[in-house]
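Colleague: My questions concern the predicted model and sequence given below.
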Amino acid sequence: GAACWHFGRVIYRKLLDPKVIGGQSGLERPALLRQLLDELGVVSSRGLPLKDLGEGSLARMTTHKTALVASTALCRSDRWIEEEGRGLFREEKPRKEFWEMTLAAPDENALAYLSLAECRRVLEMKNSGLEIAALHGVLCTCVMQLEDPRADFSVSGDFLIKALGLDDRRWGGQSRSDLLKKVYVWAHSLGLARCGGWSKPRNAEPFHVKQGLLWMIETDTYGVSQLDLLDEETSQEVNLTDLTVTVKAGSWAETQRTQKADHLLYVPIATEILRINRRRGEMAFRLGLWLGTEHRVRPDWWATGKGNIRVGELLEKVLPEPDLRKARESAEGSRNLRERWGQSLATLRDEVGFSFTFPGCHPALIPSGFPGHEGHAPRGAMDLLLNSRVEIHWPEKVRQARLQPSLEEVSRKEIRQATARRLTQKITDNASRLREAVEATGLSQREVAPRLGISQSKLSKLQKGPENGGAPLPTPLLQTYLARLETLKRRKA
């Protein structure tokens, strides 16, 4: 996902320290993360399946805000503005944070920014914004695996097809070549994204991310002209047999922060959210993305495992403004939005594991299939729905993960265990070396012990080692004994 969450070791990362809010992040569940990475079949920088994350590897990821802003921007082309002839997404909370993102194309002499119209064309063409956001999340999941988050890695087109859920359920009837061409176009578009800004999290020092490329992406199309793939007309005649995407995260992946790492989307549910049908379940995908990140920002939601929010506020967060405006202006638009709302909640309930209740909501406005629904929609149903509230209960796997030890605690325990193993092995090796040296002299323990200044029983215990009921032998003392034994050996010879 993990993601988007995008969506890996590392598309998902938190704003508040879990010690402050009394919980832990999804990335602090190594076992769950390993399970997710196995499910997604994410590859290492060498292109091989990665089964072991290694000690402390997750702790290298430092900030998720840039990844979170990118996911929002790619999904919400309606919130882009024009500034100095370029398309720009801006998110600002006075005195707290300021973020912006744009799409840009490299030029021989300078950086030529895409206009607002061109940015919207890229993001809105066949709903590409959602797919590019999903690809962004998958790459974040890959980054989360890397020991060095700034290392480059390669993934195949077939892996991305699987991770993005481009199966028959969503893209039935299209050939593998067609799917690879779609992935190529999305990867090319994501490679244009530039993002930066600053933030001051609660109880933490401010941090700053320089404006730069979100991802440095190179593609190998194995002899097929990339210009032909980007042209909508000529690409239909091209047969793309293989695709490899080589990726390196931008500076956001190494931003120094005082807080521990966290993923943009909560890891245990990243797989399910990524695989929501983004054609038929667009609203469910948008809601899942927002819910998967927002509960890490709100301490009360994280502490209790549930959240309560006004429906209108929730829809404003995830839906393009034209959709809401149409629902407010016509009865048909209102009815369509209410149906989509109900279907989205049902999808998140059935495929991800969320549950929802509707305190104080008019029975007719409770989506069909949920307890309490009855009757017909009253007059002014849209306004009533927007002003009602929904209570969100996170999936059981999220609530269980909250009870797990933090990444910091797990790392300390693993370090202690690894140190103990190394010490035990070293002491065992010392006992073997002493035993071999004694045997090399050709003398018995009774003859050797006085030369070493110890009793025969003490020498016997040192040769056994602690694993066999003997005594430990520190390395400095071993060196002393070896020197004396070497002298005995030379004299005997």
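Modeller: Noted; the coordinates are in hand.

Colleague: so Ala134 touches Leu164, yeah?
Modeller: Yes: here Ala134 reaches Leu164: they are 5.5 Å apart, a contact under C-beta atoms under 8 Å. In this view, the C-beta of every residue, glycine as well, is placed from N, C-alpha and C.

Colleague: Would you state the strands of the chain in chain order?
Modeller: Per DSSP state E, the chain carries strands over the ranges 81-83, 86-93, 97-106, 111-113, 153-156, 193-199, 207-213, 215-220, 244-249, 306-310, 355-357, 389-393.

Colleague: Those into TSV, with extra columns for distance to Ala67, mean neighbour count and mean pLDDT?
Modeller: Formatted as TSV, the strands of the chain follow (distance: least, C-beta to C-beta, whole Å; neighbours: other C-beta atoms under 10 Å; pLDDT from 0 to 100):
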stretch	distance to Ala67	mean neighbour count	mean pLDDT
strand 81-83	21	12	91
strand 86-93	13	17	89
strand 97-106	11	19	84
strand 111-113	21	15	67
strand 153-156	16	19	87
strand 193-199	9	20	84
strand 207-213	10	16	76
strand 215-220	10	17	91
strand 244-249	9	21	89
strand 306-310	22	15	91
strand 355-357	27	16	93
strand 389-393	22	18	93
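
Colleague: Out of those strands, flag the one nearest Ser460.
Modeller: Closest approach to Ser460 among the strands of the chain is made by strand 153-156 (53.8 Å; C-beta to C-beta).

Colleague: Which residue is the nearest non-sequential neighbour of Arg349?
Modeller: Leaving aside its chain neighbours, Arg349 sits nearest to Ser355 (6.1 Å; criterion: C-beta to C-beta, 6 or more residues apart in numbering).

Colleague: what about that neighbour, distance to Arg325?
Modeller: 30 Å (C-beta to C-beta, to the nearest Å).

Colleague: and the nearest residue to Leu139 once chain neighbours are set aside, what does it touch?
Modeller: Distances taken as C-beta to C-beta, 6+ apart put Val247 closest to Leu139, at 5.6 Å, once the chain neighbours are dropped. Going by C-beta atoms under 8 Å, 6 or more residues apart in numbering, Val247 touches 139, 142, 152-155, 215-218.

Colleague: I'd like to know which of those is nearest to Gly375.
Modeller: Among the contacts of Val247, and counting by C-beta to C-beta, the member closest to Gly375 is Leu139, at 46.8 Å.

Colleague: ok, back up a step: are there residues contacting both of Ala134 and Leu164? Which ones?
Modeller: With C-beta under 8 Å, 6+ apart, Ala134 and Leu164 have common neighbours Leu274.

Colleague: on that earlier part again, want to try a markdown table for the strands of the chain, with distance to Gln400 as columns?
Modeller: Shown next, in a markdown table, are the strands of the chain (distance: least, C-beta to C-beta, whole Å):
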| stretch | distance to Gln400 |
| --- | --- |
| strand 81-83 | 42 |
| strand 86-93 | 32 |
| strand 97-106 | 31 |
| strand 111-113 | 46 |
| strand 153-156 | 30 |
| strand 193-199 | 30 |
| strand 207-213 | 31 |
| strand 215-220 | 33 |
| strand 244-249 | 30 |
| strand 306-310 | 14 |
| strand 355-357 | 15 |
| strand 389-393 | 13 |
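
Colleague: Quick one, which of those gets closest to Leu337.
Modeller: Nearest of those (C-beta to C-beta): strand 389-393, 14.4 Å.

Colleague: counting contacts, what elements does the closest one pack onto?
Modeller: Here strand 389-393 touches strand 306-310, helix 311-318, strand 355-357, going by 3 or more C-beta pairs under 8 Å, 6 or more residues apart in numbering; DSSP states H and E.

Colleague: what does it contact?
Modeller: Contacts of strand 389-393 (C-beta under 8 Å, 6+ apart): 291, 301, 305-311, 314, 345, 354-361.

Colleague: Phe358 versus Leu345, what's the distance?
Modeller: Using C-beta to C-beta, Leu345 is found at 10 Å from Phe358.

Colleague: Then Leu164?
Modeller: In terms of C-beta to C-beta, Leu164 sits 33 Å off from Phe358.

Colleague: before we move on, back to that, surely the residue nearest to Arg349 touches Leu345?
Modeller: No: taking contacts as C-beta under 8 Å, Ser355 lies outside contact range of Leu345: 9.4 Å.

Colleague: about what we covered before: for Val438, which of the helices and strands packed on strand 389-393 is the nearest?
Modeller: strand 306-310 (67.9 Å).

Colleague: quick check: angle from the closest one to helix 311-318?
Modeller: 100 degrees (axes from the mean of the first three to the mean of the last three C-alpha atoms, to 10 degrees).

Colleague: Report all helices and strands that strand 306-310 contacts.
Modeller: If you count contacts as 3+ C-beta pairs under 8 Å, 6+ apart, strand 306-310 packs onto strand 389-393.

Colleague: Tell me the strands beside the strand it packs on, with direction?
Modeller: strand 306-310 (antiparallel), strand 355-357 (antiparallel) (DSSP bridges).

Colleague: among those strands, which is nearest Leu230?
Modeller: Proximity to Leu230 (C-beta to C-beta) singles out strand 306-310 among the strands paired with strand 389-393, at 40.7 Å.

Colleague: Quick check: which ranges of the stretch 51-200 of the chain have low pLDDT?
Modeller: Within the stretch 51-200 of the chain, the segments meeting pLDDT under 70 span 51-64, 106-112, 144-149, 167-172.

Colleague: where along it do the helices fall?
Modeller: 65-75, 116-124, 128-143, 157-163, 168-171, 176-190 (DSSP state H, counting those that start in this stretch).

Colleague: Adding mean neighbour count and distance to Leu385, write these out as CSV.
Modeller: Converted to CSV, those look like this (neighbours: other C-beta atoms under 10 Å; distance: least, C-beta to C-beta, whole Å):
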stretch, mean neighbour count, distance to Leu385
helix 65-75, 27, 22
helix 116-124, 18, 26
helix 128-143, 28, 24
helix 157-163, 21, 35
helix 168-171, 13, 29
helix 176-190, 21, 34
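
Colleague: Name the residues contacting each of Leu345 and Phe358.
Modeller: Joint contacts of Leu345 and Phe358 (C-beta under 8 Å, 6+ apart) are 370, 390.

Colleague: so how far is Thr72 from the residue nearest to Arg349?
Modeller: Counting by C-beta to C-beta, the gap from Ser355 to Thr72 is 25 Å.

Colleague: what does Gly372 give?
Modeller: 32 Å.

Colleague: One more: Trp394?
Modeller: Trp394 is 20 Å from Thr72, by C-beta to C-beta.

Colleague: Check Arg379 too.
Modeller: For Arg379 relative to Thr72 (C-beta to C-beta), the value is 35 Å.

Colleague: Any idea how many residues pack against Gly223?
Modeller: 8 (other C-beta atoms under 10 Å).

Colleague: How about Arg484?
Modeller: With other C-beta under 10 Å as criterion, Arg484 counts 16.

Colleague: surely it meets Ala449?
Modeller: No: using C-beta under 8 Å, Arg484 is not in contact with Ala449, being 11.1 Å away.

Colleague: thinking again about what came up before, right, so of the helices and strands packed on strand 389-393, which gets closest to Phe285?
Modeller: helix 311-318 (9.2 Å).

Colleague: which outside residues touch that closest one?
Modeller: With C-beta under 8 Å, 6+ apart as the criterion, helix 311-318 contacts 75, 283, 286-287, 289-290, 294, 324, 337, 341, 385-390.
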